[in-house]
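> Give me a model of this one.
(2 chains)
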Protein chains: 2
Amino acid sequence: MSRKWLIKNGTFAVLETDRPVIQGYMLVEGDSITYIGEERPEGVEGAETFDGKGLLFLPGLINTHGHAAMSLLRGYGDDMVLQTWLQEKMWPMEAKYTAADVYAGTALSVLEMLKGGTTTFLDMYDHMDEVAKVVEESGIRAVLMRGAIGLCSPEEQDQKLKEAIAFAQNWQGKAEGRITTMMSPHSPYTCPPAFIEKFVQAAHDLGLPMHTHMSETRTEVEQNVNDYGVRPVEHLRKLGMFSRPTLLAHAVHLTDEEIEVLASHGVTISHNPGSNLKLASGVARVPELLKKGVVVSLGTDGPASNNNLDMLEEIRLAALIHKGVSGDPTAVPALEALKMGTEYGAKSVFLPNTGKLAAGMKADFIALNTEQAHFLPRTDFISHTVYSAGPKDVEHVWVNGKQVIKHGACLTLDEERIRHDAQAAFEGLLAR
Amino acid sequence: MSRKWLIKNGTFAVLETDRPVIQGYMLVEGDSITYIGEERPEGVEGAETFDGKGLLFLPGLINTHGHAAMSLLRGYGDDMVLQTWLQEKMWPMEAKYTAADVYAGTALSVLEMLKGGTTTFLDMYDHMDEVAKVVEESGIRAVLMRGAIGLCSPEEQDQKLKEAIAFAQNWQGKAEGRITTMMSPHSPYTCPPAFIEKFVQAAHDLGLPMHTHMSETRTEVEQNVNDYGVRPVEHLRKLGMFSRPTLLAHAVHLTDEEIEVLASHGVTISHNPGSNLKLASGVARVPELLKKGVVVSLGTDGPASNNNLDMLEEIRLAALIHKGVSGDPTAVPALEALKMGTEYGAKSVFLPNTGKLAAGMKADFIALNTEQAHFLPRTDFISHTVYSAGPKDVEHVWVNGKQVIKHGACLTLDEERIRHDAQAAFEGLLAR
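You can find the predicted model right below:
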């Protein structure tokens, strides 16, 4: 496509409460959307056109928590108690990961994410230069950070902090602006308080937001109370984390008071329903969080605890489980769930120019093929997207104005090589 | 394919506990599987061969509860309280359904089911001759019954009972044996006791099993106690239903004692996790049912309350939600969830020759394309199927030895016509 092009005959999910879907036109110039509306815009005589017939255009999906390289461990351990799974399966294998393994696993995950309509993902891991390389090459947008576990010597802690700072500085705004960075101590239960405070200080110095795991399991909340006399929200607040813009992953176990504190500090949440169910962590209090005005977005978590990277599934789970568990069929309506996967995702990773189909937004969007049985009858495209659509309904994907998926195939990555290399990397880990 | 053909290079999900997957060969003769094993069978010199490389063969999925024609109302009402949804949305539209509408809606659903790997479905509805016609034409296997609501005059009740009996007699064993029938009063809360007893008597006379909705919502259980002094399980037991082989849909709200009664009578359950979550009915006690030896299978329920017919999603939900809600990550392991969608499905609809890949079974099976990112690495194909696979990973489908889906396209139905007719039927319902 040229620098300026016009989609006609499209159905666009603008996700406004009174008018969630419109029929019409969308104009893209360079990396941005410059017009969307029912009328053909003026001054587009020279623009290339794209026929949107039979397609539903949505903002690109935003996956706000994960560890992409863990795709190499997909199916390597399932249906186990969390500590056994971590200690006997995940950690011994992850200890063997090289930079090449992180590249191979991340490439596999980015391929799956792009094909399933995810245009932005957050990644917290090690060997992050490799992750950033995959982002550069694939054309996806990403929010990246070196996740640091502080259960080690002071020297190692310093080394990790330095790595996190260097990575955040080196990559901020790179890849045509598609990469942004954050500071990320792994969690209150794997990081001593002083270590967390150093990350908070670095975030202040660099002007970056914070991200960490919090209150994923009941046990870790109890441990926090035992170790520090307070629950995790108060613990992190006292360490100054919420003085920076902060995104917390999981936040399954929260009291009413904790929800108030999160709301009053503008802390955002990455809800990971698939991972929380699979690891039996529990069901987060999403309806209460939303009611209190907390921005709640969606993440898959790592592909070893999900075990896929299908954001449409997370959207559907968010819409389904809170109804079933609360007994209230109006809890998390379809439109709200879809916003959690798009608009609220953008807000929660502090990318205000993404997550919506609107003039002035970055041109990160996807097109679903609606000429299929499960999209009929044409009653409510928001409902169909949330309750019926799957990743392979994604026909086209654009990020930053550039097409990366066309008729389901990836234009930027070599699929066959990535699949081959991922299998080889896994076999290498097993053999070492 | 000829009458006798051999799959080579295949990966077969035989779902045995000690060996869930084997590599090797499967021989199909006519409508049956006659061999499966790691060694090439003898005496197959003349057989046509099919290269199974890159494919995972599974028993066809079995959807044990639904109302296929309700696909015409998909997305017509969502995220509403059950009674409002029924009274203001579903029932007024369903009252206008003609035989042609049932045909159009059922064809749309069967198309979606076949493409998603479902080879057998149960259907309880009205105008059942139309449903049977779709089954005949499409090549799918089905367990069909005229569902009867008894909240009407004695004359209407008699008429419905006669229709149910006539349908069951006329279609039993038809469509090359692909159709079997059952007797189905709608539910204890929509059928007076005497009406249910007449269905039980008819089932005895015809030698047929019984099917009904039971204990889907807490309210309906309370109403049963108010009206009849006992909970639904005891109510149905006293009416003689469990003297016939019986499949109950939903069974969300059960006491320990009720589970014991169901187990001791060999009653089977169709668990409908997607519908139960979406309608906020609650979470069925599946781990307890399985522990007591009750056969629990999976159903989508009607597409207006799901809103899709994706059995892989029901399998995944069954594996996920019981972990998350119970706090036990070993609740409903992946292999058990997959059996619920296949082997236990066959048992629960009383089709002992389906639901497994084994010699002597009907040749109802599907092939997933595993040469994709979300099936890597090749660690555990059962885990990948349950936690990562989607309906469009279904590459081929065979029912009764005949291929009905080839490379994702339906060989037996005219997809474009069906989609067009379904939309027209919905618009007709709206306009009338």
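
> quick one: pLDDT of residue A:227?
For residue A:227, the pLDDT comes out at 98.

> just the CA coordinates of the helix or strand where it lies, formatted as CSV?
When elements are assigned from DSSP states H and E, residue A:227 belongs to helix A:218-228. The C-alpha trace of helix A:218-228 is given here as CSV (Å, rounded to 0.1, in the frame of the first residue of the first chain):
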residue,chain,number,x,y,z
ARG,A,218,-3.5,-16.8,47.7
THR,A,219,-0.3,-18.3,49.1
GLU,A,220,1.8,-15.4,47.9
VAL,A,221,-0.5,-12.9,49.5
GLU,A,222,-0.3,-14.8,52.9
GLN,A,223,3.5,-14.9,52.5
ASN,A,224,3.6,-11.2,52.0
VAL,A,225,1.6,-10.6,55.2
ASN,A,226,3.9,-13.0,57.1
ASP,A,227,7.1,-11.4,55.7
TYR,A,228,6.1,-7.7,55.7
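
> For it, what is the distance to the chain centroid?
The chain centroid and the centroid of helix A:218-228 are separated by 27 Å, computed with CA atoms, centre = their mean, to the nearest Å.

> and residue A:332, what does it touch?
Residue A:332 sits next to A:286-287, A:290, A:318-319, A:322-323, A:340 when contact means CB atoms under 8 Å, 6 or more residues apart in numbering or on different chains. C-betas here are computed from N, CA, C, even on glycine.

> would JSON lines of the residues you listed with neighbour count and secondary structure be doable?
Formatted as JSON lines, those follow (neighbours: other CB atoms under 10 Å in any protein chain shown; DSSP: H, G, I helix; E, B strand; the rest coil):
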{"residue": "A:286", "neighbour count": "26", "secondary structure": "helix"}
{"residue": "A:287", "neighbour count": "18", "secondary structure": "helix"}
{"residue": "A:290", "neighbour count": "20", "secondary structure": "helix"}
{"residue": "A:318", "neighbour count": "27", "secondary structure": "helix"}
{"residue": "A:319", "neighbour count": "27", "secondary structure": "helix"}
{"residue": "A:322", "neighbour count": "25", "secondary structure": "helix"}
{"residue": "A:323", "neighbour count": "22", "secondary structure": "helix"}
{"residue": "A:340", "neighbour count": "29", "secondary structure": "helix"}
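
> which one among the residues you listed gets closest to residue B:90?
residue A:323 (17.3 Å; CB to CB).

> Give me the distance between that closest one and chain B.
For residue A:323, the distance to chain B equals 4 Å [CB to the nearest CB, to the nearest Å].

> pLDDT score for that residue?
For residue A:323, the pLDDT comes out at 97.

> just the one 4 residues further on next, same as before
The predicted structure scores residue A:327 at 95 on the pLDDT scale.

> again with residue A:2
Looking at residue A:2, its pLDDT reads 59.

> for the one 4 residues further on, same thing?
Model confidence at residue A:6, expressed as pLDDT, equals 97.

> secondary structure element for it?
Assigned by DSSP H and E, residue A:6 falls within strand A:4-16.

> Would that strand count as contacting chain B?
No. In terms of CB under 8 Å from any CB of the partner chain, no part of strand A:4-16 sits within range of chain B; the closest distance is 13.8 Å.

> And the residue of the stretch 151-300 of chain A closest to chain B?
Chain B sits closest to residue A:277 of the stretch 151-300 of chain A, with a gap of 3.4 Å, by CB to the nearest CB.

> Hmm, residue A:358 and residue A:343 touching each other?
No. The pair residue A:343 / residue A:358 is not scored as a contact, 9.8 Å apart, by CB atoms under 8 Å.

> which two from the contacts of residue A:332 end up farthest apart in space?
Longest span within the contacts of residue A:332, CB to CB: A:323 and A:340, 14.2 Å.

> ok, residue A:73 - contacts?
Counting by CB under 8 Å, 6+ apart, residue A:73 has contacts A:89-90, A:93-94, A:302-304, A:426, B:379.

> ditto for residue A:146
Contact analysis of residue A:146 by CB under 8 Å, 6+ apart lists A:124-126, A:128, A:160, A:163-164, A:167-168, A:184.

> quick one: which of these sit in strands?
Residues of the contacts of residue A:146 located in strands (DSSP state E): A:124-125, A:184.

> what's the offset of the strand holding residue A:6 from the middle of its chain?
Centroid separation for strand A:4-16 versus its chain: 24 Å, with CA atoms, centre = their mean.

> residues in contact with residue A:328?
Taking CB under 8 Å, 6+ apart, we find residue A:328 in contact with A:287, A:322, B:280.

> Likewise for residue A:95?
Taking CB under 8 Å, 6+ apart, we find residue A:95 in contact with no residue.

> And the one 3 residues further on, by the same measure?
Remark: with contacts taken as CB under 8 Å, 6+ apart, residue A:98 is in contact with residue A:127.

> Nearest the middle, which residue of chain A would you pick?
Per CA atoms, centre = their mean, the C-alpha nearest to the average position across chain A is that of residue A:63, at 1.6 Å.

> Quick check: residues of the stretch 1-150 of chain A near chain B?
For the stretch 1-150 of chain A, the contact set with chain B under CB under 8 Å from any CB comprises A:71-76, A:78-82, A:85, A:108-109, A:111-112, A:115.

> ok, back up a step: closest to residue B:8 among the contacts of residue A:146?
Distance to residue B:8, by CB to CB, is smallest for residue A:125 among those, at 41.0 Å.
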